[in-house]
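**Student:** Here is a sequence together with a model predicted from it:
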Amino acid sequence: MHLDRSKQRARMAADSDPESEVFEITDFTTASEWERFISRVEEVLNDWKLIGSRVRKPLQKGEITSGSWEEHTQEINFADFRFSITHHCLKQESAESQSREGAGEDVCPLALQDLLCVNNDFPPRAHCLVRWFGVREFLVISPGAHCEAVVSESKCNLLLSSVSIALANTGCLVPLFVQIQQKWRKMYAGECQGPGVHTDFEMVHLRKAPGQHTHLSGLLDIFKNKMSCPLTPLTPLPPISISIRFTFVLQDGQQCSWPQQPPDFYALLAGEVGGVEFGRLPFGACEDPISELHLATTWPNLTEGIVVDNDVYSDLDPLQAPHWSVRVRKADNPQCLLGEFLMEFFKLCCRKESTEEVLGRNPVEEEGTENSDITQALSKLTEPAAVPIHKLSVSSMVHSARRRMRRHRRAEESPLNSHVLNSILLYLFPDAALDKSDLSDVKSTQPSPGGTTEPDRESEDYHLYNQLKSAPSDSLTYRLALCVCVVNFHHGGVRAVAHLWQEFVLEMRYRWENNCLIYGLAGGAPDLRCCLLHQKLQMLNCCIERKRARDDGRKSGASDRSRPGPESAGPAEVSPGKSWDSWSDSEEEFFECLSDTEEMKDTESEKKAANKSRAEGRLQPHGKLTLLKSPEPLYIPVTQEPAPMTEDLLEEQSEVLAKLGTSAEGAHLRARMQSACLLSDMESFKAANPGCCLEDFVRWYSPRDYVEEEVDEVGQTVIRGDLSARMKIPGNMWVEAWETAKATPARRQKRLFDDTKEAEKVLHYLSQQKPSDLTRHLMPCVLHAALLKIKEEEESEDIASVRKALQQVTAHASKLLHHPNPDFKKLEDVIVQMSAEEAVIARARSLKAKFGIAGGEREEDADELQRFVSCLLEEPEVSVVGAGRGPAGKIIHKLFVSSQRLADSSDEGFLMDVEAALLAPMEDEAGRSGGTDDRKAVPDFPPPAGREVLLRTCVPRPAPYSKALPQRLFCVLTRDEFRLAGAFSSDTCFF
């Protein structure tokens with residue numbers, strides 16, 4: 001008891017002490033998270049300069065769809081919840097549209113003007129809020145990308161309150177919406193504030209429409225009940241403007257024949273595979289690329305009472321609608337033949353197997369791999385070793401036997417049968433089936449690759465290979481690319497490609513060993529504008545040409561030596577452009593190296609005597625020039641041609657020269673390596689012009705380095721010449737080369753170009769190529785062929801968008817393929833773009849087939865249908881001229897009628913009546929509606945897939961004496977959706 005009293009006294013003493021009192025202070029001046037959110041919204045509105053009113057031009061017809069929209073987005077936070085606020089605005093070019101005025105009582109927000117605008121009802125392509133409310137400028141606050149939706153009613157009201165406060169504080173006249181509920185529902189609520197005006201944007205979204213509100217009458221009841229004033233319920237409402245759109249979907253558009261060309265089976269069976277199929281890329285869609293056709297019938301600006309639409313009767317007949325519009329729905333990823341060919345060919349680039357691994361190695365080679373450690377064979381024979389007993393087991397012997405059997409079976413099974421392989425080889429090498437005398441006629445009888453007419457060599461399409469770094473369209477490389485593409489798709493994939501490549505390489509070796517020129521390759525040095533594989537084949541062809549020329553020279557020399565006669569067919573008859581190795585002297589043959597000839601054993605005196613007594617290797621006199629030290633004419637010698645090189649050899653040579661460094665020794669060695677051709681030409685010049693000097697050689701070889709001047713001597717003007725300054729530099733390589741050069745004609749010199757060595761290098765390079773390497777080499781040619789095919793198909797359809805897209809695709813592909821190491825992953829995007837253009841052309845043909853273009857209609861109707869189809873490909877929605885009575889409207893009506901009858905038919909015999917109905921003229925409307933038929937009447941159109949009703953009026957709210965303000969209700973009724981989007985305005989001054 002005493003303790004309790006002491007505690008009580010201590011507590012009272014503490015309470016009496018003022019310093020010991022502690023109060024919980026709440027600072028109401030500190031901003032809450034809600035207030036910070038409102039402030040942040042106001043900052044964004046000020047930053048975007050959306051404060052005050054703006055005067056703009058009235059919206060023109062279709063401006064919402066055709067105009068360009070701009071968007072600005074910014075992130076804002078409500079506590080730890082992230083929102084994004086987006087500003088959508090239609091750009092208008094007029095200067096008046098951007099003028100701003102101070103907010104005043106007489107200024108009406110633009111949104112209220114847009115609510116009553118009738119020029120942009122049912123836009124085909126616009127934001128959903130633009131379609132429902134017709135506004136040209138608005139703001140949307142929506143949850144962030146990874147934030148949950150605003151579902152609860154309290155959170156929705158909190159956001160709407162924030163919006164209302166921010167609009168009131170800033171004076172912004174732009175409507176602001178808040179996205180609520182799940183995003184897929186597209187539910188929005190918002191408001192717009194102006195001087196004396198307040199507009200609420202409300203929305204209702206249901207799965208199913210209530211039974212009493214599925215027609216116009218029920219929707220009008222909703223609209224009137226929403227606008228009626230509770231104080232004066234008997235006040236009559238002003239007339240309501242009504243716009244209605246019904247959408248009908250045609251899903252079965254297969255009544256017409258599909259325009260895709262079938263393969264030529266007769267040619268396949270007749271054995272003409274090589275000339276018909278292997279040179280042609282397929283084109284077109286295997287299925288209809290148009291999945292649905294949507295017909296929208298519109299009744300604009302009707303007045304209440306003119307039209308009746310309820311659950312018993314409806315005046316809304318689609319054929320009587322004053323406005324029709326059509327849009328097509330594209331099939332998702334239609335199967336297109338050319339695109340599939342290209343994509344399957346592209347997939348080969350990712351394969352890693354070699355040709356031997358794909359086809360299976362030789363059993364001898366397999367045995368060699370099992371006992372590959374041959375270097376230690378003798379030591380293993382002499383060294384004692386334990387016998388591996390496990391290898392002698394029965395299971396291991398059976399396994400080894402099975403492996404050998406599989407190898408033999410795989411080797412016996414060729415991916416390409418002999419008939420297909422022979423057809424391909426005959427297509428690639430048509431000269432193999434002709435005699436030598438008929439080779440001149442091969443090109444005239446050979447069909448052009450790709451199945452098209454051969455392009456003019458001066459045309460832009462022929463020179464397309466320069467842009468793509470591929471090969472000419474009449475070359476062997478181009479035809480090989482087509483064959484590999486077709487073989488890969490139709491005849492066994494990568495194994496068939498490896499088999500074909502193996503046979504191709506064997507054919508190349510056969511032609512090299514038998515001196516047969518390669519058909520389909522232009523003569524001369526490799527064209528560096530083409531792909532590397534084409535350059536390699538051209539290099540091999542050059543080697544064959546040099547080898548043939550050398551062999552022919554030896555034969556002609558031997559025949560000339562066997563018969564006496566004057567040497568009249570010497571150098572004078574050789575044309576200036578003829579190469580040295582094709583020119584043969586009548587007495588002597590070509591020598592590989594001077595060290596192998598008998599003349600190397602002669603003394604220097606004998607050589608000088610021989611040089612003075614006879615000149616060798618003359619081609620023709622060089623104009624009227626004479627030697628400086630003798631009156632003899634200066635002759636142009638027969639020289640060796642420079643060694644042809646491919647781009648990879650040039651890169652290797654550049655790397656070797658670059659590795660020599662910048663030192664004096666390296667520079668001197670680099671100059672000597674580059675002067676091999678110069679030394680050969682000097683030796684040929686000395687042999688053709690005995691007694692010549694370096695100045696004579698420079699006058700022919702490099703005239704700019706021989707400077708002539710007029711000098712006065714004893715009253716006479718004399719022309720004297722001398723070498724240029726760079727030729728007189730000490731240690732000049734030309735002077736050194738001239739001193740070391742010997743008078744040797746070209747045919748006795750060591751070859752600058754060793755055709756045997758180079759040919760073997762090319763053949764080895766070809767044999768080492770994997771199927772993936774071959775695909776990478778031929779990819780430019782395949783893309784080249786695909787572009788030509790698309791261009792050819794587009795010319796018959798005349799689609800401007802495809803032509804423009806092809807130019808972009810060509811530029812993109814050219815940039816990728818000219819890179820030293822092309823990114824083949826990016827080439828996949830090029831193939832996808834080509835497939836997209838193929839689908840566009842297929843859609844054009846599908847639409848033309850559906851609308852019967854070029855089917856015998858009148859010329860004016862054909863022009864109208866052609867324009868209509870072209871617009872369908874370019875625009876999201878196209879108006880039908882004449883609605884249901886125009887040429888396009890009649891065809892659309894027939895398509896729906898035939899589809900309805902096909903769907904209603906219960907027996908197969910009725911299909912014949914459908915075909916007759918398509919061909920017979922349509923009955924007049926009176927006969928169709930009033931006539932009787934034994935069969936049950938089938939409606940011409942199915943039930944509408946979607947109904948859209950737009951109701952508008954101006955009503956004083958909330959009191960009868962309030963200002964009349966715009967009211968709007970947009971209704972959407974489909975099978976799975978019932979949506980009401982309403983904008984209801986109220987007067988905030990007189991209420």
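**Tutor:** That came through fine.

**Student:** Point out where the stretch 551-700 of the chain drops to low pLDDT.
**Tutor:** 556-613, 661-662, 664, 666-668, 670-674 (pLDDT under 70).

**Student:** mean confidence score for the strand or helix carrying residue 325?
**Tutor:** According to DSSP states H and E, residue 325 maps onto strand 323-330. Throughout strand 323-330, pLDDT has a mean value of 92.

**Student:** by contact count, what packs against it?
**Tutor:** Counting contacts by 3 or more C-beta pairs under 8 Å, 6 or more residues apart in numbering; DSSP states H and E, strand 323-330 packs against strand 290-303, helix 824-850, helix 859-874, strand 878-880, helix 887-904. Where C-beta positions appear, they are placed from N, C-alpha and C, glycine not excepted.

**Student:** I'd like to know which of those is closest to residue 987.
**Tutor:** strand 290-303 (25.2 Å; C-beta to C-beta).

**Student:** Just the buried positions in that closest one, please.
**Tutor:** By neighbour count, with 16 or more other C-beta atoms under 10 Å as the criterion, the buried positions of strand 290-303 are 290, 293-300, 302.

**Student:** Quickly run through the sheet partners of it, with directions.
**Tutor:** strand 241-250 (antiparallel), strand 323-330 (antiparallel) (DSSP bridges).

**Student:** Off-centre distance for it?
**Tutor:** 35 Å (C-alpha atoms, centre = their mean, to the nearest Å).

**Student:** quick one: it to helix 859-874, angle?
**Tutor:** 100 degrees (axes from the mean of the first three to the mean of the last three C-alpha atoms, to 10 degrees).

**Student:** ok and strand 290-303 relative to helix 824-850, angle-wise?
**Tutor:** 60 degrees.

**Student:** May I have strand 290-303 as PDB, with CA atoms only?
**Tutor:** What follows is strand 290-303, C-alpha atoms only, in PDB (Å, rounded to 0.1, in the frame of the first residue of the first chain):
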ATOM      1  CA  ILE A 290      -6.800 -13.000 -97.700                       C
ATOM      2  CA  SER A 291      -8.400 -14.600 -94.700                       C
ATOM      3  CA  GLU A 292     -11.400 -12.300 -94.300                       C
ATOM      4  CA  LEU A 293     -13.200  -9.500 -96.100                       C
ATOM      5  CA  HIS A 294     -15.000  -7.000 -93.900                       C
ATOM      6  CA  LEU A 295     -17.900  -5.100 -95.400                       C
ATOM      7  CA  ALA A 296     -19.000  -2.000 -93.400                       C
ATOM      8  CA  THR A 297     -22.500  -0.600 -94.200                       C
ATOM      9  CA  THR A 298     -23.000   2.900 -92.800                       C
ATOM     10  CA  TRP A 299     -26.100   5.100 -92.300                       C
ATOM     11  CA  PRO A 300     -24.700   8.500 -91.400                       C
ATOM     12  CA  ASN A 301     -26.600  11.400 -89.700                       C
ATOM     13  CA  LEU A 302     -30.000   9.800 -89.300                       C
ATOM     14  CA  THR A 303     -32.700  11.600 -87.300                       C
END
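
**Student:** got the helices and strands packed on strand 323-330 as JSON lines, with mean pLDDT columns?
**Tutor:** Shown next, in JSON lines, are those (pLDDT from 0 to 100):
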{"stretch": "strand 290-303", "mean pLDDT": "92"}
{"stretch": "helix 824-850", "mean pLDDT": "89"}
{"stretch": "helix 859-874", "mean pLDDT": "84"}
{"stretch": "strand 878-880", "mean pLDDT": "92"}
{"stretch": "helix 887-904", "mean pLDDT": "87"}
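
**Student:** and those as CSV, adding distance to residue 32?
**Tutor:** Formatted as CSV, those follow (distance: least, C-beta to C-beta, whole Å):
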stretch, distance to residue 32
strand 290-303, 50
helix 824-850, 51
helix 859-874, 54
strand 878-880, 54
helix 887-904, 61
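
**Student:** got the buried residues for the longest helix along the chain?
**Tutor:** The residue-count maximum for a helix in the chain (DSSP state H) belongs to helix 532-562. Neighbour-count burial for helix 532-562, with 16+ other C-beta under 10 Å as criterion, is recorded at 532-550, 553, 557, 560.

**Student:** And for stretch 953-966?
**Tutor:** Buried-residue list, stretch 953-966, by 16+ other C-beta under 10 Å: 953-959, 962-963, 965-966.

**Student:** so where's the stretch 301-450 of the chain uncertain?
**Tutor:** Using pLDDT under 70, the flagged stretches of the stretch 301-450 of the chain are 361-413, 434-450.

**Student:** Secondary structure element for the spatially closest residue to residue 31 that is not a sequence neighbour, which one?
**Tutor:** Nearest non-adjacent residue to residue 31, counting by C-beta to C-beta, 6 or more residues apart in numbering: residue 39, 7.2 Å away. Element membership of residue 39 [criterion: DSSP H and E] is helix 33-47.

**Student:** Partner strands of the helix or strand following that helix, with direction?
**Tutor:** Moving toward the C-terminus from helix 33-47, the next helix or strand (DSSP H and E) is strand 53-54. The pairing partners recorded for strand 53-54 under DSSP bridges are strand 100-101 (antiparallel).
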